[in-house]
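[1] Sequence and predicted structure below; questions after.
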Amino acid sequence: MDAARRRFFLGACALAFAPGALAQEALWPQLRLGGLTLLVRHASTLAGLGDPPGFRVDDCSTQRNLSPQGREEAQRLGERLKRERVPIARVYTSPWCRCRDTAMLAFGRADDWEPLSSFFDYPDREADYTERVKKRIADLSRREKRANVVMVTHNVNIAALTRLSVAPAEFAIVQAQGCCGIRTLGRLVAL
C-alpha cells in the first residue's frame, strides 16, 4: 500500500473509531439495563432566548412555549425510548411549561421539581439547584437499579451538571458517582 493510501486508510479508521463515533449506539444497551439518569432538554420552542420580561411560571401564556415542531419532537422522543425498550421509573420536570409539555408528550407523566427550573435569569440559583439535582441522582440510583430516571430541564441546567450543551429534545446520560457526584456517559439524539 502506498503512503497516500495508507494515510487515507488510517484517517478513515481514526474517524470510524474516534471517541463518540459509536457512542450513540453503544448507549442504548446501557439504558436498557437501567440505573441511569437522562437529563433531557425540552423540545424546540417558539423563537427567542429565555422568557419574555414579566413571565410567570404559573402562567404558560407568559412564557416561551413549545413550537408545533417541538411538540412533534417530544412525541418522537418518547416513541424512540419505547421502541428501544428503555425502562423509565420516574419522570421529573422543570415547572416551566415547555419542559412540562415535553415530559407529558414524551412520557405521559411527570412530577414538577423546582431544582430543574431554569436559572438563566437567576444565576444565583445555579449552585443550589445543581447540588440538589446531583444529590437526587445519587439517591435515585440507589433505589432505581432496573430502570432509569428522566429529568426534563433546560440547557443551562444540563450544561452546569455535565459541561455539555445539548440541542432541543437531546439528552445527556449520567450515572451517580458516590453521594453527590455524577459521571457523564454521553449525549444521545433520539430523534
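    Received the coordinates, thanks.
[2] State the helix or strand in which the residue most central in space within the chain lies.
    The residue lying closest to the centre of the chain (Cα atoms, centre = their mean) is residue 40, at 2.2 Å. Here residue 40 sits within strand 37-41, counting by DSSP states H and E.
[3] do residue 146 as well
    Per DSSP H and E, there is no helix or strand for residue 146.
[4] Now the element after the strand holding residue 40, going C-ward?
    Taking DSSP H and E, what comes next after strand 37-41 is helix 68-83.
[5] Just the angle for that following helix relative to strand 37-41, thanks.
    Put simply, helix 68-83 runs at 160 degrees to strand 37-41, going by axes from the mean of the first three to the mean of the last three Cα atoms, to 10 degrees.
[6] Next, the contact list for residue 110, please.
    Residue 110 makes contact with 91-93, 100, 103-104, 152 under the criterion Cβ atoms under 8 Å, 6 or more residues apart in numbering. Bear in mind the C-beta positions are built from the backbone N, C-alpha and C, glycine included.
[7] all helices of this protein, in order?
    Applying DSSP state H to the chain gives helices spanning 3-16, 23-33, 68-83, 97-107, 126-143, 155-162.
[8] For the second one, give the mean pLDDT please.
    Think helix 23-33. Averaging pLDDT along helix 23-33 gives 88.
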